[in-house]
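Provided below for reference: sequence and predicted model.
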Amino acid sequence: MTTIETARLILRRWREDDVAPMAAVNADPEVMRFIRDGATRDEERTRADIGAWERHWETHGFGLFAVEVRATGELAGFTGLAVPEYLPELLPAVEVGWRLGRRAWGRGLATEAARAALRFGFRDRGLAEVVSVIQLGNTASERVAAKLGLRLHRTLTSPGSGRTLRIHSLDRAAYDATDTATTADTAG
């Protein structure tokens, strides 16, 4: 079982008791506003999503982590790596993504979690490149992507929703330069 600990978070695989708190995150229209067509998801759909995320782990050796706040044990949402099969023109890309409940917003937790997921992808899984798919207008996620070193690569239209998507990317060489600088900054 893959578990990653950061200063404030635990990134881990999914458990049955994660369904209800993740369903609460998915039921918030403000959280879901920039996810695909903006529709919220109920507990049944969340349970199915978590099952799919776990199967993704088994198939690819990486996936979406449940993000737990260390101090409270609260499930904040998810971060991690996934193959964006909903965007065939990007394949064989690997996407880094995050979705946190509003209680976790504005505290740098998405950046902290996604930074750990990127490290896992590049260092432990040997990925050559990672993309982030962000809907136009989602400035908070674009700020997270920029903090992680991802740069705007292209724009395309989502085949499912018709919304404009901004594709950011980070390759291994750029990650190595960013990760070395980040490690040096936090060490001193």
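Everything's here; your move.

from here on, contacts and neighbour counts on C-alpha atoms
Fine.

I'd say Pro29 and Thr40 touch.
Yes. Counting by Cα atoms under 8 Å, Pro29 does reach Thr40; the two are 5.9 Å apart.

which parts of the lengthiest helix in the chain are buried?
Counting residues, the longest helix in the chain under DSSP state H turns out to be helix 43-60. For helix 43-60, a neighbour-count test (16 or more other Cα atoms under 10 Å) marks Glu43, Thr46, Arg47, Ile50, Trp53, Glu54, His56, Trp57 as buried.

mind checking the end-to-end distance for stretch 2-11?
Its first and final residues considered, stretch 2-11 spans 8 Å by Cα to Cα, to the nearest Å.

quick one: average pLDDT of that stretch?
Stretch 2-11 comes out with an average pLDDT of 96.

equivalent analysis for stretch 133-143, please.
96.

ok, now stretch 64-83?
98.

which other residues reach that stretch?
Outside stretch 64-83, the residues within contact range by Cα atoms under 8 Å, 6 or more residues apart in numbering are 8-14, 18, 21-22, 25, 53-54, 56-57, 62-63, 91-101, 103-104, 110, 113-114, 117-118, 121.

again, only using 7 Å
8-14, 18, 21-22, 25, 53, 62-63, 93-101, 104, 113-114, 117 (Cα atoms under 7 Å, 6 or more residues apart in numbering).

end-to-end on that stretch?
Stretch 64-83 end-to-end distance (Cα to Cα) = 10 Å.

cool, and stretch 29-36?
End-to-end for stretch 29-36, by Cα to Cα: 12 Å.

would you mind pulling the contact partners of it?
By Cα under 7 Å, 6+ apart, the list of residues contacting stretch 29-36 reads Val25, Asn26, Gly38, Ala39, Thr40, Gly101, Arg102, Gln135, Asn138, Ser161.

one more time with 8 Å, if that's ok
So stretch 29-36 is in contact with 25-26, 38-40, 99-102, 134-135, 138, 158, 160-161, 163, going by Cα under 8 Å, 6+ apart.

so which of those belong to strands?
Among these, the members falling in strands (DSSP state E) are Arg99, Leu100, Ile134, Gln135.

how near is the second one to Ala27?
Spelled out, that is Leu100. For Leu100, the distance to Ala27 - Cα to Cα - is 12 Å.

now the element after the helix or strand hosting Phe65, going C-ward?
Phe65 is located in strand 64-69, with elements delineated by DSSP states H and E. Sequence order places strand 75-82 as the next helix or strand after strand 64-69, per DSSP H and E.
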